[in-house]
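Engineer: Prediction below, plus the sequence it came from.
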Amino acid sequence: MKNFLLIGTLLFAFSVQAQNTADQRQNDIIISPIELIAGPALNVSYERLLNKDSGIGINALLLLDNKDNGDGLQSQISPYYRMYFGKGYASGFFVEGFIPITTSNDSVYTPYVGPGYYASSYTYQKNTTVGAGIGFGGKWVARRNIVFEASIGIARRFGMKSEYSDTPVTGKGMLGIGYRF
């Protein structure tokens, strides 16, 4: 009886097969060379692929020209969630929702008018805002896991501190190349 049970267990163990799924790489890192060439900025993105249809990630746009007083965007960090509609694994057309966390340095012009004189001054105010936005784009995976991405998105910023601040609309874009690992 013991031999029969042992042979039966061995035959069952050899007949069991694992699922045959391809080992998919789960991480993408992408950099946009346009911002590096056109201006002193770094636009980089990291994405963790959850499955063939979705992924979560973070995009960072950082100005490398670190001036203390200058109008405009200083940095933007945007976590996002993407849904893919392509035939490949996490590739093709996608839509995304993102939350931009934007830091800007805004100038405030203050005029002083008194009896017989006029003066004015500029002060700089650092603002950090959070927003909500949507975007769309495409991602293509070539040979040797080289990734190409073209995407654009627009968002509404909340928490503006003054009426002199930048526009409440911000965006993000990527025309980049990267690697899937």
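Structural biologist: Happy to help now that I have it.
Engineer: Show me which positions of stretch 80-89 end up buried.
Structural biologist: Neighbour-count burial for stretch 80-89, counted by 16 or more other C-beta atoms under 10 Å, picks out Tyr80, Arg82, Tyr84, Gly86, Tyr89. In short, each C-beta sits where N, CA and C put it, glycine included.
Engineer: meant to ask about stretch 25-40
Structural biologist: Per 16+ other C-beta under 10 Å, stretch 25-40 contains these buried residues: Asp28, Ile30, Ile31, Ser32, Glu35.
Engineer: on that earlier part again, would TSV of the buried residues of stretch 80-89 with distance to Tyr179, secondary structure and pLDDT be doable?
Structural biologist: Supplementary listing: the buried residues of stretch 80-89 in TSV, determined by distance: C-beta to C-beta, whole Å; DSSP: H, G, I helix; E, B strand; the rest coil; pLDDT from 0 to 100:
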residue	distance to Tyr179	secondary structure	pLDDT
Tyr80	19	strand	98
Arg82	18	strand	98
Tyr84	18	strand	98
Gly86	18	coil	95
Tyr89	15	coil	95
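Engineer: Mind telling me what element the residue nearest to the spatial centre of the chain is part of?
Structural biologist: Residue closest to the mean C-alpha point of the chain, counted by C-alpha atoms, centre = their mean, is Asn59 at 2.5 Å. Element membership of Asn59 [criterion: DSSP states H and E] is strand 54-63.
Engineer: now swap in Gly178 and tell me
Structural biologist: With secondary structure defined by DSSP H and E, Gly178 is part of strand 169-180.
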